[in-house]
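**Student:** sequence and computational prediction follow.
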Amino acid sequence: MAGSRQPVKCVCCLLACAVVLALGGCTGSKRAAEPPEVSSSARPAQRVKTELYFGLAKPGGQITAEEWREFMGTVITPRFPAGLTVYDASGQWRGGSGQGVKEATKVLVAIHEGTAACERAIEEIRAEYKKRFQQESVLRADMKVEASY
């Protein structure tokens, strides 16, 4: 019988260690859940968020991935070298002909200061896309936002 008590003591010791470790883990997770301090340089500033919607259908076909990459590299990126976001979407709209059109779309999102230089850059991008790919329009949406980096 004496031999049967030792395993019970070992199991109890193991359970006690597990409880201590578990409680220690809870304390650590509470600390991790606390929000980090915000430095004054990370405070949001007034910016403008511009979205541009580029339809990928063109007379006689589609704008290819290579054409889009070339447009990004030579027209868009030089005007917003600090950064932007582009994602794929599916769009539909009614053009000047009155007929509904469904097409693959690229959406560009740029957060900027709203200066005259930014305005000019955005309008140059829109004008070049319409000219190069024979587009009727490039939708633009602007909104005021607070942003920090």
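**Tutor:** Everything's here; your move. Residues are numbered from 1 along each chain as shown.
**Student:** C-alpha from now on. contacts and neighbour counts both.
**Tutor:** Fine.
**Student:** what's the helix or strand for Thr50?
**Tutor:** Using DSSP states H and E, Thr50 falls within strand 45-55.
**Student:** could you point out the helix or strand that follows that strand?
**Tutor:** strand 57-58.
**Student:** state the next helix or strand along the chain beyond that following strand.
**Tutor:** Following strand 57-58 toward the C-terminus (DSSP H and E): strand 61-62.
**Student:** contacts for that following strand?
**Tutor:** Defining contact as CA atoms under 8 Å, 6 or more residues apart in numbering, one finds that strand 61-62 is touched by Leu56.
**Student:** distance of Trp93 from Met72?
**Tutor:** 23 Å (CA to CA, to the nearest Å).
**Student:** what does stretch 86-96 rub up against?
**Tutor:** Gly55, Gly100, Val101, Lys102, Glu103, Ala104, Thr105, Lys106, Val107, Leu108, Val109, Glu136.
**Student:** could you pull up the mean pLDDT of the strand holding Thr50?
**Tutor:** Averaged over strand 45-55, pLDDT sits at 97.
**Student:** go on, stretch 64-74?
**Tutor:** 98.
**Student:** how about that stretch: buried residues?
**Tutor:** Residues of stretch 64-74 classed as buried by neighbour count (16 or more other CA atoms under 10 Å): Phe71.
**Student:** same check, this time on stretch 82-99
**Tutor:** Quick answer for stretch 82-99 (16+ other CA under 10 Å): Gly91.
**Student:** where do the strands sit along the chain?
**Tutor:** All strands of the chain, identified by DSSP state E, fall at 45-55, 57-58, 61-62, 85-94, 100-112, 139-147.
**Student:** and the longest one, what does it pack against?
**Tutor:** Strand 100-112 sits against strand 45-55, strand 85-94, with contacts defined as 3 or more CA pairs under 8 Å, 6 or more residues apart in numbering; DSSP states H and E.
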